[in-house]
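Asks: Just a sequence and a predicted model for now, questions to come.
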Amino acid sequence: MTPEQVAAACKPLVLELGEAFSRCPSTQRRARLLGISGWAFYITGRAGALGDVRAETVAAALGFIAPEAVADGWDAAARAVPPLEVAAANLAECCRWGVDRLGEAPGASRLAGLLDRAVDAADGSAMPLFAAWRAMPLPDDLSPGARAAVGLLLLREHFAGAYLLAVRASGLTPLEAVLAGPEGEAGAAACGWTPPYPPVGPLVRRRIWAEAVTDRLVSPAFHALGQAGGAELVDLLTVARLHARRG
């Protein structure tokens with residue numbers, strides 16, 4: 001497999017596993033313990049690694065969520081908890097989920113090692129959210145399951161950052177990219193965009209082009225694994241997804 005092929009094969013697996021912890025009921029309970037809503041925790045948990053910045057900066061980094069929806073979550077959380085504290089709580093929930101759902105998965109230690117290598121090799125240029133997360137301090141004694149979950153979180157932000165760059169290069173707006181995706185208007189509504197929406201038909205070809213460019217932008221991370229390591233990563237991610245779903 002070429003690095004681009006590894007990126008394309010890994011992408012749906014990383015996107016699913018890298019955010020699965022955010023939908024866990026325990027993660028939602030952590031939000032309540034901090035005194036903020038689940039939405040505020042999601043927005044600030046992801047973007048809090050940037051530090052104490054304005055909501056406009058957060059919206060630019062996240063890209064695909066409507067700026068008004070970003071501001072609602074970010075500003076509400078900031079009134080109660082510092083952003084970095086929310087990001088640290090988000091990271092703790094990610095690690096907990098990794099221990100629970102990936103710790104007993106076959107090859108968890110090897111998966112964590114491959115993910116670590118990919119994250120270290122990834123180019124963070126023009127991807128501030130990925131770079132901020134990669135700079136977040138981690139505990140020294142993480143288990144393989146927790147390490148794998150953190151690696152998945154980081155790679156997910158790398159894919160998301162690369163896709164945002166590719167979408168803008170294609171001439172699409174973030175809203176148009178969401179509308180042209182598999183969830184269409186439902187996805188746009190979930191991301192806080194309000195109708196009326198532009199027609200989707202002319203957008204699909206550009207979105208497909210952006211997907212291919214995303215794979216190219218992310219491919220240096222997988223080049224570091226070599227052909228055998230890249231294929232092994234795809235296999236281990238497939239096993240991990242099955243294991244996590246059963247859990």
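Replies: On my side now, so go ahead. Numbering: from 1, shown residues only.

Asks: where along this protein do the helices fall?
Replies: Applying DSSP state H to the chain gives helices spanning 3-19, 25-34, 38-47, 55-62, 67-78, 83-102, 108-121, 128-134, 144-170, 174-179, 184-190, 204-223, 226-246.

Asks: looking at those helices, which is closest to Pro198?
Replies: With respect to Pro198, and counting by C-beta to C-beta, the nearest of the helices of the chain is helix 174-179 at 6.2 Å. C-beta: built from backbone N, CA, C; applies to glycine.

Asks: helices or strands next to that closest one in the packing?
Replies: helix 144-170, helix 184-190, helix 204-223 (3 or more C-beta pairs under 8 Å, 6 or more residues apart in numbering; DSSP states H and E).

Asks: how about the CA coordinates for it, as CSV?
Replies: Written as CSV, here are the backbone C-alpha positions of helix 174-179 (Å, rounded to 0.1, in the frame of the first residue of the first chain):
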residue,chain,number,x,y,z
PRO,A,174,-17.0,24.4,5.0
LEU,A,175,-20.8,24.5,4.9
GLU,A,176,-20.8,23.4,1.3
ALA,A,177,-18.4,20.5,2.1
VAL,A,178,-20.7,19.4,4.9
LEU,A,179,-23.8,19.5,2.6
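
Asks: Below-threshold pLDDT in the protein: ranges please.
Replies: By pLDDT under 70, the chain has no low-scoring segment.

Asks: residues contacting the residue nearest the centre of it?
Replies: Averaging the C-alpha coordinates of the chain gives a centre point, and the residue nearest to it by C-alpha atoms, centre = their mean is Arg156 (3.2 Å). The neighbours of Arg156, taking C-beta atoms under 8 Å, 6 or more residues apart in numbering as the test, are 14-15, 17-19.

Asks: Using TSV, lay out the helices of the chain together with distance to Pro196.
Replies: Formatted as TSV, the entries for the helices of the chain read as follows, by distance: least, C-beta to C-beta, whole Å:
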stretch	distance to Pro196
helix 3-19	28
helix 25-34	32
helix 38-47	24
helix 55-62	21
helix 67-78	16
helix 83-102	33
helix 108-121	40
helix 128-134	29
helix 144-170	21
helix 174-179	11
helix 184-190	10
helix 204-223	19
helix 226-246	37
